[in-house]
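[1] have a look; sequence and predicted model below, questions after that.
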Amino acid sequence: MSKKIWTIVLLLLCFPFMAFADEPAETDGTDWKEKIKNTLSETWHGGQYDLYVPLYAWHNRLTYDDEHIDKYNENPWGAGLGVSRYDADGDWHALYAMAFIDSNDYVETMFGYAFMKNWYFGQKKDFRAGIGFTVGLTQRHEYAYIPVPLPLPMFGFGYKKLDVQAAYVPGVENDGNVLFVWTKIQLN
């Protein structure tokens, strides 16, 4: 499949999660553009700051030959910062920016919006698991650091102020098909 098709598929997969972001437009009278603007504004002013630390970039062994696996870096050293909030349903919204060392040992940036529908566990509801998406831009050396759209599926697990989150980058043989894992630490 071409990258264009994968991008369209990922966008279509992400749209159902947008329904969880707020109440339906019919109940509050706002259109979808206004809802996006409100969500981004509420998140930006959410007051919770986060530190992101990339942990691992696993290249799917079913889609890579040994030659590529041997040359790729799977330790994405770097860091990021973000601002986030939990809405009334306990779902997570974030605006973030990260920079890290990519699979080819070059600096890559990633910034955008992320949403995760959460389910809570335990007596105090300190544990959570979620699934969602991120949409934003990435900059890589292969593209002369020109910003490229980044729609990706996400999932994560958390306990109080600490989360382990991941996004899967789909692809073709010897390209893409990477599970990118990071930790998110709430700073305040």
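    Received it, and whenever you're ready, just let me know what you need. Just so you know, these numbers come straight off a predicted model, no measurement behind them.

[2] rounded mean pLDDT for the longest strand belonging to the chain, please.
    If you go by DSSP state E, the chain has its longest strand at strand 107-121. Throughout strand 107-121, pLDDT has a mean value of 97.

[3] buried set for the helix or strand residue 33 falls within?
    Residue 33 belongs to helix 32-44 when assigned by DSSP states H and E. The neighbour-count check on helix 32-44 (16 or more other C-beta atoms under 10 Å) flags 35, 39, 43 as buried. The way it works is simple: take the backbone N, C-alpha and C, and place the C-beta from them, glycine included.

[4] pull up the gap between residue 67 and residue 97, please.
    Separation of residue 67 from residue 97 (C-beta to C-beta, to the nearest Å): 33 Å.

[5] of those two, give the one with the bigger neighbour count.
    Shown here are residue 67 and residue 97; by other C-beta atoms under 10 Å, residue 97 has more neighbours (15 against 9).

[6] residues contacting the residue lying closest to the more buried one once chain neighbours are set aside?
    Using C-beta to C-beta, 6 or more residues apart in numbering and skipping residues adjacent in sequence, the residue nearest residue 97 is residue 111, 4.0 Å away. Residues near residue 111 by C-beta atoms under 8 Å, 6 or more residues apart in numbering: 96, 97, 98, 136, 137.

[7] which SSE is the third one in?
    Under the criterion of DSSP H and E, residue 98 resides in strand 92-101.

[8] what residues does that strand touch?
    Taking C-beta under 8 Å, 6+ apart as the rule, strand 92-101 contacts 21, 39-40, 42-44, 46, 50, 52, 54, 73, 75-87, 107-116, 118, 130, 132, 182.

[9] give me the buried subset of those residues.
    The neighbour count (16+ other C-beta under 10 Å) marks 21, 39, 43, 46, 50, 52, 54, 76, 78, 80, 82-85, 87, 108-116, 118, 130, 132, 182 as buried among these.
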